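Novice: below is the sequence, then the predicted model.
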Amino acid sequence: MEPRELPVHLKSLRMQLNNGRLTPQAFDHACAQLRTQDRMGNWWTVDPDSGALLRYDQRVGQWLHDTPASKSQAPAQPPMRGEMQPPSSPLVKILQTANTERTGLVGAAMVLILGAALSWFLYPYLGLIPKWLSGLAPEVRCTMFKPNTSPMYFCSGAAALSVLSGPIIVMVGIFLLRKQITALLSHVTPFVPTTFRFLLPPAVACLLFTILWAGAHYDTVLSSNSNVGNVVGLVHQRLFPAFVALFTYAVARYGPLLQLYIPVFFDLRDKIHKHVRFVIVLVFPMLYSLINNMNLNDGRIYKTALEEQKVVVMAMLLGFLLLAPRNGKTGMKD
């Protein structure tokens, strides 16, 4: 099916809705299936309200109003023999491939490499502010309590809050300034070359998460006497923010398409109040961590890095599945 045929199919569906042959739920579900790919691999769909064609821009992770190229449109002419062409570096060629390659794996690899470099080299510097804030909190010691007792669990929680007070303060600040950060990104993006733009959101997410992560694990990771179980989980703690960059890229690249492919799940999800879903995202990873801790004989977690990273990955997945905004009732509008 050609992209230009999508509005015709939408018109047919709307007639069936008006004639009572389709229920509103069936109409919404059928509209969510109105998608096709052109010869260039671009995904197209149609806005059920306006009937306008929308193309999924993989670089920005959004559906944009666009018009498909006409079949009769002449292809771009190659340069004449001997005509000067601007030099193209290997990096630019790889970035161009990442922008046009259909699977997105090249872009994912570049995001992972960039995130690993940013988190590894900037880790000692980005963690200084939350570490300093945590140093202002009183130190809590729990050596007088027996393991696997309620006082020990309460004391451990208080100690954790004391150590994490700096990252928590920074996290709250980032949350309160999220609109300003988003506005700043929108102003900066036009000045970034188009080829590089898909790297910007993952890089920003990686830097912000590194501030929190480094602040919470500053001494543990940078100490020369760190226990291996405290610094190596799925990956080294210093490299873990790269996974946040990769997750950000994956959500922007594949999230809207996933919502189109499994609309039933997101339709059922949206019937649950957003505040309830938000509580689930916050509480479920913490409950998992607490239950996992209570199942241990001595009340201690030895592979702390692995457990922490598992909880973060779980929270990110739940956050996307339960809180990611739908692009309208059929996945097209924010």
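Specialist: Arrived safely. Numbers count the residues shown, from 1 in each chain.
Novice: for Pro90, what are its contacts?
Specialist: Taking C-beta atoms under 8 Å, 6 or more residues apart in numbering as the definition of contact, Pro90 has no neighbours. Glycine gets a C-beta too; all of them are placed from N, C-alpha and C.
Novice: okay, and for this structure, where does confidence drop off?
Specialist: Low-confidence segments of the chain, defined by pLDDT under 70: 58-61, 69-89, 91-92, 95-96, 99-101, 137-165, 224-229, 290, 292-303, 327-334.
Novice: residues in contact with the residue most central in space within it?
Specialist: In the chain, the centroid-proximal residue (C-alpha atoms, centre = their mean) is Thr248; its distance is 2.7 Å. Thr248 makes contacts with Val111, Pro201, Pro202, Ala205, Cys206, as judged by C-beta under 8 Å, 6+ apart.
Novice: adding secondary structure and neighbour count, write those out as JSON lines.
Specialist: Conversion of the contacts of Thr248 to JSON lines gives the following (DSSP: H, G, I helix; E, B strand; the rest coil; neighbours: other C-beta atoms under 10 Å):
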{"residue": "Val111", "secondary structure": "helix", "neighbour count": "27"}
{"residue": "Pro201", "secondary structure": "helix", "neighbour count": "21"}
{"residue": "Pro202", "secondary structure": "helix", "neighbour count": "28"}
{"residue": "Ala205", "secondary structure": "helix", "neighbour count": "21"}
{"residue": "Cys206", "secondary structure": "helix", "neighbour count": "27"}
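Novice: can you list these in CSV and add distance to Ser12?
Specialist: Rendered in CSV, the data for those read as follows (distance: C-beta to C-beta, whole Å):
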residue, distance to Ser12
Val111, 41
Pro201, 37
Pro202, 40
Ala205, 41
Cys206, 46
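Novice: what are the buried residues along the strand or helix carrying the residue nearest to the centre of the chain?
Specialist: Here Thr248 is covered by helix 241-261, with elements defined by DSSP states H and E. Of all the residues in helix 241-261, those buried under the rule 16 or more other C-beta atoms under 10 Å are 241-253, 255-256, 258-260.
Novice: going along the chain, name the helices of the stretch 51-200 of the chain.
Specialist: Under the criterion DSSP state H, counting those that start in this stretch, helices of the stretch 51-200 of the chain are mapped to 90-100, 105-126, 128-135, 150-163, 165-176, 178-188, 200-222.
Novice: tell me the angle the helix or strand immediately after the helix holding Thr248 in the chain makes with helix 241-261.
Specialist: Helices and strands here follow DSSP H and E; after helix 241-261, the next one along the chain is helix 263-270. Helix 263-270 runs at 110 degrees relative to helix 241-261, counting by axes from the mean of the first three to the mean of the last three C-alpha atoms, to 10 degrees.
Novice: may I have helix 263-270 as PDB, with CA atoms only?
Specialist: These are the backbone C-alpha positions of helix 263-270, laid out as PDB (Å, rounded to 0.1, in the frame of the first residue of the first chain):
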ATOM      1  CA  PRO A 263      -2.100  -0.900  20.700                       C
ATOM      2  CA  VAL A 264      -4.200  -3.300  22.800                       C
ATOM      3  CA  PHE A 265      -1.700  -3.300  25.600                       C
ATOM      4  CA  PHE A 266      -1.500   0.500  25.700                       C
ATOM      5  CA  ASP A 267      -5.200   0.900  25.400                       C
ATOM      6  CA  LEU A 268      -5.600  -1.300  28.500                       C
ATOM      7  CA  ARG A 269      -2.800   0.600  30.200                       C
ATOM      8  CA  ASP A 270      -4.500   4.000  29.600                       C
END
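Novice: how far does the helix or strand that comes right after that helix sit from its chain's centre?
Specialist: For helix 263-270, the succeeding helix or strand toward the C-terminus, using DSSP H and E, is helix 274-294. Between the centre of helix 274-294 and the centre of its host chain there is 19 Å, according to C-alpha atoms, centre = their mean, to the nearest Å.
Novice: before we move on, what about stretch 106-122?
Specialist: Shown here is stretch 106-122, whose average C-alpha point lies 14 Å from the average C-alpha point of the whole chain (C-alpha atoms, centre = their mean).
Novice: buried residues in that stretch?
Specialist: Neighbour-count burial for stretch 106-122, counted by 16+ other C-beta under 10 Å, picks out Val106, Gly107, Ala108, Met110, Val111, Leu112, Leu114, Gly115, Ala116, Leu118, Ser119, Leu122.
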